[in-house]
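**Q** Have a look; sequence and predicted model below, questions after that.
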Amino acid sequence: MISQLFHLSFWYTVNPLGFSPLFQYGFFALFALCAILAALLRVASRRSPRDVHDRIAFGMAATGFATLSVFGFVWLFCTYEEVPLFGVRAWFLLWALIGLAFAARIVWYVKKEAPVLRLKNQSKAAVNKYLPRR
């Protein structure tokens, strides 16, 4: 069974067989979890008492999970209905790559961009402290 995963014919069969009910429920639970996390992260991004950069990171994560859930549900529907081109298993690989890209972008923002922007905001606030207000 696992050796089939390494053959291109498994991933790119134009008319693949449908999933077993266990896999259908498993993928549905995965995509539903992505949708729930998107909603929770969107609420957290709007109500977070932290600084603006944490809220931006939460918003980026919410956007990523929402995109993954919509794309996943469309793929699951096409697989269930056995649509020839859109039900191909390779779309799940693309889904996983998109998820990794979203995760990498968020980590990059949190680790590289946000600390620089925080320092810039602190220095700007220190300079603005001595400027007259209008």
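**A** Received it, and whenever you're ready, just let me know what you need.

**Q** Give me the helices and strands touching the strand or helix carrying F58, please.
**A** Using DSSP states H and E, F58 falls within helix 52-80. With contacts defined as 3 or more Cβ pairs under 8 Å, 6 or more residues apart in numbering; DSSP states H and E, helix 52-80 has these neighbours: helix 21-47, helix 90-108, helix 114-128. Backbone N, C-alpha and C define where each C-beta goes, glycine included.

**Q** Just put the ones you listed in TSV and tack on distance to Y80 and mean pLDDT.
**A** Output for the helices and strands packed on helix 52-80, formatted as TSV (distance: least, Cβ to Cβ, whole Å; pLDDT from 0 to 100):
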stretch	distance to Y80	mean pLDDT
helix 21-47	7	93
helix 90-108	13	92
helix 114-128	40	83
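
**Q** Quick one, which of the ones you listed gets closest to W11.
**A** Comparing the helices and strands packed on helix 52-80 against W11 with Cβ to Cβ, the closest turns out to be helix 90-108 (4.5 Å).

**Q** quick one: contacts of the closest one?
**A** 11-12, 57, 60-61, 63-64, 67-68, 71-72, 75, 78 (Cβ atoms under 8 Å, 6 or more residues apart in numbering).

**Q** State the pair within the residues you listed that is farthest apart.
**A** Y12 and A57 (35.9 Å).

**Q** These two: which has the busier surroundings?
**A** A57 (20 against 12; other Cβ atoms under 10 Å).

**Q** which non-adjacent residue is nearest Q24?
**A** Y80 (6.7 Å; Cβ to Cβ, 6 or more residues apart in numbering).

**Q** Quick check, the one you found in contact with P16.
**A** No. Using Cβ atoms under 8 Å, Y80 is not in contact with P16, being 11.5 Å away.

**Q** For P16, pull up the helix or strand it's in.
**A** With DSSP H and E as the criterion, P16 is inside neither a helix nor a strand.
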